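# can you look at this prediction? I've put the sequence above it.
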Amino acid sequence: MKIFSGTASKTLAQNVAKELKLKLSEIELHIFPDGEKRIRVVDEVVDEDCVVIQSTSTDTDKNYMELLFITDALKRSGAKNVTAVIPYLGYQRQDHVFRSGEAVSLEVVIRILEAVGVDRVITVDLHSIKIPELFHIPAVHLSALSLFAENIKKMPNVVLVSPDMGGIRRIEILSKMLGGMPYAAIEKNRDLKSGIIEAQTIHGKVKEYAVIVDDMISTGSTIAVAADLLAKKGATEIVVFATHPVFSKDASMLLQKSKVKRVYVTDTIEVLKEKQFEKLEVLSVTELIATELKKNS
Ligand code: R5P
């Protein structure tokens, strides 16, 4: 097996390769003055099982293009197959038409990945469990919930909280993993045009120790608003577990200033230095991904 990485996931790819006792294979990347890229695979890949690890968070389009170019280069160089490990699948929230006239961006991305020759996709904590069905190639959906459970079980007398009704399934699975831990869910309203989160109520009993669990943090407003509501209802220790640190806009500042004590995320997306903050703790999905890759080697 040969493992390659795009620029978005270098550290994670290095860790996965190390876990598999392999070395990351080399790619030559040249950027032209106008921003276009030329990609060349340096290693010999004829008849090899190849893996490309590339998260497609910000800058989403750029990261997708890199992944597509690397896949194309591998296929042209004779790779037996290409597995794209996309720890954070960009455009996943646009998986259906919300308002008439919209594009289904995720479907477009999937069509392109398949057309360029990706044979299999491995991804982590998708926004909807139905997304793998949109692929015509095998799509493996891993979850960081077991990682979260390991940490949450060390915490005393906790209530799990979903910051929106869409996250109920996730919270139910986690509650089961933790032997039926109690949970609550917040009803949030997000204005589709402005993105502003409006009214909120909470279903379920709030305890002093509240653990908010979500798939991703983008602007951080879902978490900040949820934490305010939990604090109003009596929670004093509020922590967050979210798989993908998308961290757009001023998310880091908002989270640092929020009522949340600690924010646990994973390394599906590399958090740049300027986006790191004191309350942040990063757990690693290295083993999850390596274990999945080992199954087919
Ligand atoms: C929404 O349904 C997702 O599960 C997240 O709660 C959401 O994407 C977080 O976005 P933001 O951080 O911008 O509020």
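Cool, the structure landed. Note that this is a predicted model, so its numbers are computed, not measured.

# below-threshold pLDDT in the chain: ranges please.
Along the chain, the parts satisfying pLDDT under 70 run over 198-199.

# can I see the domain layout of it?
2-142+287-294, 145-266 (automatic domain parsing).

# minimum distance to residue 275: which of the ones you listed has it?
domain 145-266 (4.9 Å; Cβ to Cβ). For glycine as for every other residue, the C-beta is placed from the backbone atoms N, C-alpha and C.

# first-to-last residue distance for that closest one?
End-to-end distance for domain 145-266: 11 Å, by Cα to Cα, to the nearest Å.

# now do the strands in the stretch 151-297 of the chain.
For the stretch 151-297 of the chain, applying DSSP state E, counting those that start in this stretch gives strands covering 158-162, 183-190, 197-203, 209-217, 237-245, 262-266, 280-283.

# would a markdown table of the ones you listed with distance to the ligand and mean neighbour count be doable?
Shown next, in a markdown table, are these (distance: least, Cβ to the nearest ligand atom, whole Å; neighbours: other Cβ atoms under 10 Å):
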| stretch | distance to the ligand | mean neighbour count |
| --- | --- | --- |
| strand 158-162 | 9 | 24 |
| strand 183-190 | 7 | 18 |
| strand 197-203 | 6 | 13 |
| strand 209-217 | 5 | 24 |
| strand 237-245 | 8 | 25 |
| strand 262-266 | 11 | 22 |
| strand 280-283 | 14 | 16 |
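
# including distance to residue 82, could these go into TSV?
As requested, the strands of the stretch 151-297 of the chain are exported to TSV (distance: least, Cβ to Cβ, whole Å):
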stretch	distance to residue 82
strand 158-162	36
strand 183-190	36
strand 197-203	39
strand 209-217	26
strand 237-245	23
strand 262-266	24
strand 280-283	28
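
# quick one on the thing from earlier: tabulate the domains of the chain in TSV, adding columns for distance to residue 278.
Below are these laid out as TSV (distance: least, Cβ to Cβ, whole Å):
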stretch	distance to residue 278
domain 2-142+287-294	21
domain 145-266	6
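
# give me the buried positions along the helix ranked longest in the chain.
Using DSSP state H to define each element, the chain has its longest helix at helix 60-76. Along helix 60-76, these residues count as buried under the neighbour rule (16 or more other Cβ atoms under 10 Å): 60, 63-75.

# closest one of those to residue 34?
Ranked by distance to residue 34 (Cβ to Cβ), the buried residues of helix 60-76 are led by residue 65 at 13.7 Å.

# dump the buried residues of helix 60-76 to a markdown table, plus distance to residue 277.
Output for the buried residues of helix 60-76, formatted as a markdown table (distance: Cβ to Cβ, whole Å):
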| residue | distance to residue 277 |
| --- | --- |
| 60 | 23 |
| 63 | 23 |
| 64 | 28 |
| 65 | 30 |
| 66 | 27 |
| 67 | 29 |
| 68 | 33 |
| 69 | 33 |
| 70 | 32 |
| 71 | 35 |
| 72 | 38 |
| 73 | 37 |
| 74 | 37 |
| 75 | 41 |
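
# nearest to residue 175 among those residues?
residue 60 (32.2 Å).

# wait, the closest one touches residue 91, no?
Yes: at 6.8 Å, residue 60 counts as touching residue 91 under the criterion of Cβ atoms under 8 Å.

# which stretches in the stretch 101-250 of the chain count as helices?
105-116, 145-152, 168-177, 221-232 (DSSP state H, counting those that start in this stretch).

# can you pull the contacts of the closest residue to residue 65 other than its chain neighbours?
Once flanking residues are discounted, residue 65 sits nearest to residue 37: 7.0 Å by Cβ to Cβ, 6 or more residues apart in numbering. Residues near residue 37 by Cβ atoms under 8 Å, 6 or more residues apart in numbering: 29-31, 65-66, 69.
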